[in-house]
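In: How does the following fold in three dimensions:
(chains A and B)
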There are 2 protein chains.
Amino acid sequence: MKIAVAGWGRLGKAIADTVSLYPDIELEYIFSRREGIEKTYRGAKILPFMNIEDYREKVDCLIISQGSAVDLPKNAPRLASVFNTVDGYDMHSAIPGYHTQMDEAARFGNKLSLIASGWDPGFFSVIRVYLSAFMPDAESATFWGEGISQGHSEAIRRINGVIDAVQYTIPDEDERERALRGEKTSPKLSHKRICYVAAEQGNEPRIEAEIRNMDGYFKGYRTEIYFTDPEDVRSRTASLFHGGEVIAARAHEDGITEVDLSLRLASNPHFTARILLASARAVYRMHTEGRTGAVTLADIPPKMLISESIYKYI
Amino acid sequence: MKIAVAGWGRLGKAIADTVSLYPDIELEYIFSRREGIEKTYRGAKILPFMNIEDYREKVDCLIISQGSAVDLPKNAPRLASVFNTVDGYDMHSAIPGYHTQMDEAARFGNKLSLIASGWDPGFFSVIRVYLSAFMPDAESATFWGEGISQGHSEAIRRINGVIDAVQYTIPDEDERERALRGEKTSPKLSHKRICYVAAEQGNEPRIEAEIRNMDGYFKGYRTEIYFTDPEDVRSRTASLFHGGEVIAARAHEDGITEVDLSLRLASNPHFTARILLASARAVYRMHTEGRTGAVTLADIPPKMLISESIYKYI
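Out: A predicted model of the protein is given here:
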């Protein structure tokens, strides 16, 4: 199958660097809004994003590796009506509305879109679904970090007057212990969000207020904001390490039942890239079988994501 | 939806004790081969297994909670042609053949059968599928225990001359550490299988040989066999605790990428029961949508397993 990537940032590059692990997938085109960059990368042509629709017949699935704060809501529905798509839309609370929009667009074009893929939402979402199905009487909790959240960093960068920014998510160890004992936790108390922001001088108070009020990203979270210079931000963004954990536990008279999925990632974008590539494989197959509209990973039979026989893993 | 259980052992009882957690599922009938037992249990009628086919029109899904060594291969295909079914067939290496048999039977009757459900095979199988899709370059490994394997205990009990038996599975800590570093491990070296067997006198050497040669259960594993009296076996079987872990890891230049799903279960049959109940829900729904034949959990879109909106978990 032939795929393309729209968005030539860190995630787009990670996809191009990872696609060789998926021998049934070929990356043909990379669409970028930036100008004056190289013409090819690892054999894929780099083309202007504005011409993307000219390639609608040549691509089995388009991975839209753009940010959720502005770019995906603006571009993805239009693209979903002409391409099968995969995206990593990650504004959890806005997903239902985005899903509806993408579903209408994809149905209009007889295409299939897998939205909100990646490790969370995405892999962690299906884990939470399984845990809810198999442990309906348990409390469950998700922890992110310690690591840089690309989505949150990008959301800050979009604020007027911000030169560069990076956001670390750090889980709270006490809340994690509570989760392992089967006690209720609060997602907003379970994490600290630490932001390093390089801003144009004089804008700091307004930027700080805008960050703290950003719904679905910072509002209600323990947020620390430090203004610093662009060099400091850049040096911090070099770390791609991230992690996360989904815990469901229930205390019984005869002991504890506990399921714990934990993730330690050397490179957040490279792991996300793998999930988006497997997602593209599933989208192409399910579209071939006649499926259209917008779906999430929870709609995908797991075996659609692999190319080998299921018996290898059963 | 209305379900029935065939097989009134520990797992069947756990299903009856757990079904109230699934408000959309009602347990109507329990089919047992034993005679002289009570007539109802928690509102469900207990009926002779030999009459089961008379109830074909009254049951949306039948959970066959029988052992894999003898009962499932003998009974399940016949049942799959008259009921939608769920089972926990767990002889990993024989699953392909069983799958084919069950698929033919279910298609013949226009029914849907979900085979090899439970936590392994089942939940762990889909985790291995996701990990293979998202980490094609990683080594992955599964560890079981420390705990009693019901399937292995049952397999020993089926041997001629065995009065009672229990088998503990114990993971090897060195192999587990290797898996976390992204190194290759061997499933057979990764576990010790410790068997306590009460046998009719004089049969011990033959029984020991039969255990050690049991393909898919003990052959090739580090197996320790201790002959003891029935009281000792019975006291050991009181523990329902079990656990397991799926690890996929890959060492990179810049660190390790590692996914680790671990399970600690206060009661193995009660956790398995929950998985079979959620499986029955999915089978009923997918059959209503027209799906027939035999499937595994890897064929089931995760959201079919829950009754709430997916947005709660995304």
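In: Is the helix or strand hosting residue A:28 positioned near chain B?
Out: Element membership for residue A:28, per DSSP states H and E: strand A:26-32. No - using Cβ under 8 Å from any Cβ of the partner chain, strand A:26-32 stays clear of chain B, coming no nearer than 15.5 Å. No exception for glycine: its C-beta is placed from N, CA and C like everyone else's.
In: For that strand, what is the distance to the chain centroid?
Out: Chain-centre distance of strand A:26-32: 19 Å, with Cα atoms, centre = their mean, to the nearest Å.
In: quick one: contacts for the residue nearest to residue A:140 when sequence neighbours are not counted?
Out: Of all residues not flanking residue A:140 in the chain, residue A:248 sits nearest, at 3.8 Å (Cβ to Cβ, 6 or more residues apart in numbering or on different chains). Contacts for residue A:248 (Cβ atoms under 8 Å, 6 or more residues apart in numbering or on different chains) come out as A:131-132, A:135, A:138-141, A:258-259.
In: Is residue A:248 in a helix, a strand, or coil?
Out: The three-state assignment at residue A:248 reads strand, by DSSP: H, G, I helix; E, B strand; the rest coil.
In: what sits opposite it in the beta ladder?
Out: Beta-bridge pairing of residue A:248 under DSSP bridges involves residue A:140, residue A:259.
In: Give me the lowest-pLDDT entry from the contacts of residue A:248.
Out: Within the set of the contacts of residue A:248, pLDDT is lowest for residue A:139 (85).
In: before we move on, the earlier item: just put the contacts of residue A:248 in a markdown table and tack on neighbour count.
Out: Listed next are the contacts of residue A:248 as a markdown table, based on neighbours: other Cβ atoms under 10 Å in any protein chain shown:
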| residue | neighbour count |
| --- | --- |
| A:131 | 21 |
| A:132 | 21 |
| A:135 | 22 |
| A:138 | 20 |
| A:139 | 17 |
| A:140 | 20 |
| A:141 | 22 |
| A:258 | 22 |
| A:259 | 25 |
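In: Would you mind listing the two of those that lie farthest apart?
Out: Greatest spatial distance in those: A:132 and A:258, 15.0 Å, computed using Cβ to Cβ.
In: hmm, which helix or strand of chain A has the shakiest average pLDDT?
Out: Lowest on mean pLDDT, DSSP states H and E among the helices and strands of chain A sits helix A:150-157, with a mean of 89.
In: what's the burial count for the closest residue to residue A:107 other than its chain neighbours?
Out: In space, and not counting its chain neighbours, residue A:107 is closest to residue A:293: 5.0 Å by Cβ to Cβ, 6+ apart. Look at residue A:293: counted by other Cβ atoms under 10 Å in any protein chain shown, it has 18 neighbours.
In: go on, residue A:194?
Out: Residue A:194 has 18 neighbouring residues, counting by other Cβ under 10 Å.
In: so which strand or helix has it?
Out: Per DSSP H and E, residue A:194 falls inside strand A:191-199.
In: what's that strand packed up against?
Out: Under the contact definition 3 or more Cβ pairs under 8 Å, 6 or more residues apart in numbering or on different chains; DSSP states H and E, strand A:191-199 sits against helix A:150-157, strand A:162-171, helix A:204-212, strand A:222-227, helix A:230-237.
In: so which of those is the most packed in?
Out: helix A:150-157 (a mean of 23; mean count of other Cβ atoms under 10 Å in any protein chain shown).
In: Report the inter-axis angle for it versus strand A:191-199.
Out: Helix A:150-157 and strand A:191-199 are oriented at 40 degrees to each other (axes from the mean of the first three to the mean of the last three Cα atoms, to 10 degrees).
In: returning to what we had before: next, format the helices and strands packed on strand A:191-199 as JSON lines and append distance to chain B.
Out: Shown next, in JSON lines, are these (distance: least, Cβ to the nearest Cβ, whole Å):
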{"stretch": "helix A:150-157", "distance to chain B": "14"}
{"stretch": "strand A:162-171", "distance to chain B": "16"}
{"stretch": "helix A:204-212", "distance to chain B": "24"}
{"stretch": "strand A:222-227", "distance to chain B": "23"}
{"stretch": "helix A:230-237", "distance to chain B": "14"}
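In: Out of the ones you listed, the one nearest residue A:13 is which?
Out: Nearest of these (Cβ to Cβ): helix A:150-157, 12.4 Å.
In: Just list what that closest one packs against, helices and strands only.
Out: strand A:162-171, strand A:191-199.
In: which one of the ones you listed lies closest to residue A:18?
Out: strand A:162-171 (22.8 Å).
In: Output that closest one as PDB - backbone C-alpha positions only.
Out: Extracted as PDB, the C-alpha positions of strand A:162-171 are listed here (Å, rounded to 0.1, in the frame of the first residue of the first chain):
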ATOM      1  CA  VAL A 162       5.300  32.700  22.200                       C
ATOM      2  CA  ILE A 163       8.600  32.100  20.500                       C
ATOM      3  CA  ASP A 164       9.100  28.500  21.700                       C
ATOM      4  CA  ALA A 165       7.800  26.300  24.500                       C
ATOM      5  CA  VAL A 166       8.100  22.900  26.000                       C
ATOM      6  CA  GLN A 167       5.800  21.100  28.500                       C
ATOM      7  CA  TYR A 168       6.800  18.300  30.900                       C
ATOM      8  CA  THR A 169       4.100  16.100  32.300                       C
ATOM      9  CA  ILE A 170       4.900  14.500  35.700                       C
ATOM     10  CA  PRO A 171       2.800  11.900  37.400                       C
END
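In: Just after it, pick out the following helix or strand.
Out: Downstream of strand A:162-171, the next assigned helix or strand under DSSP H and E is helix A:173-180.
In: out of all of them, which helix in chain A is the longest?
Out: In chain A, assigned by DSSP state H, the helix with the most residues is helix A:268-288.
In: Given whichever helix or strand comes after that helix, what are its sheet partners and their directions?
Out: Next along the chain after helix A:268-288, taking DSSP H and E as the criterion, comes strand A:293-295. Strand A:293-295 has its sheet partners listed here by DSSP bridges as strand A:112-114 (parallel).
In: got the contact list for the partner strand?
Out: So strand A:112-114 is in contact with A:76, A:80, A:84-87, A:102-103, A:105-106, A:279-280, A:282-283, A:286-287, A:291-297, A:300, going by Cβ under 8 Å, 6+ apart.
In: Wait, a strand at residue A:34?
Out: No - applying three-state DSSP, one finds residue A:34 to be coil, outside a strand.
In: Ignoring the adjacent residues along the chain, who's closest to it?
Out: Counting by Cβ to Cβ, 6+ apart, residue A:34 lies nearest to residue A:8, which is 6.4 Å off, once chain neighbours are set aside.
In: can you check residue A:42 too?
Out: Closest residue to residue A:42 apart from its sequence neighbours, by Cβ to Cβ, 6+ apart: residue A:16 at 5.4 Å.
In: just checking, that neighbour touches residue A:43?
Out: No - Residue A:16 lies out of contact with residue A:43 (Cβ atoms under 8 Å); the separation is 9.1 Å.
In: Which of those two has more residues huddled nearby?
Out: Set residue A:16 next to residue A:43 and count neighbours by other Cβ under 10 Å: residue A:16 wins out with 20 against 11.
In: Let's verify the more buried one: helix, strand, or coil?
Out: State at residue A:16, reduced to three classes by three-state DSSP: helix.
In: What about residue A:40, how many residues nearby?
Out: Neighbour count for residue A:40, taken as other Cβ under 10 Å: 9.
In: What of residue A:252?
Out: Number of residues near residue A:252 (other Cβ under 10 Å) recorded here: 13.
In: does it really touch residue B:266, like I thought?
Out: Yes - counting by Cβ under 8 Å, residue A:252 does reach residue B:266; the two are 4.7 Å apart.
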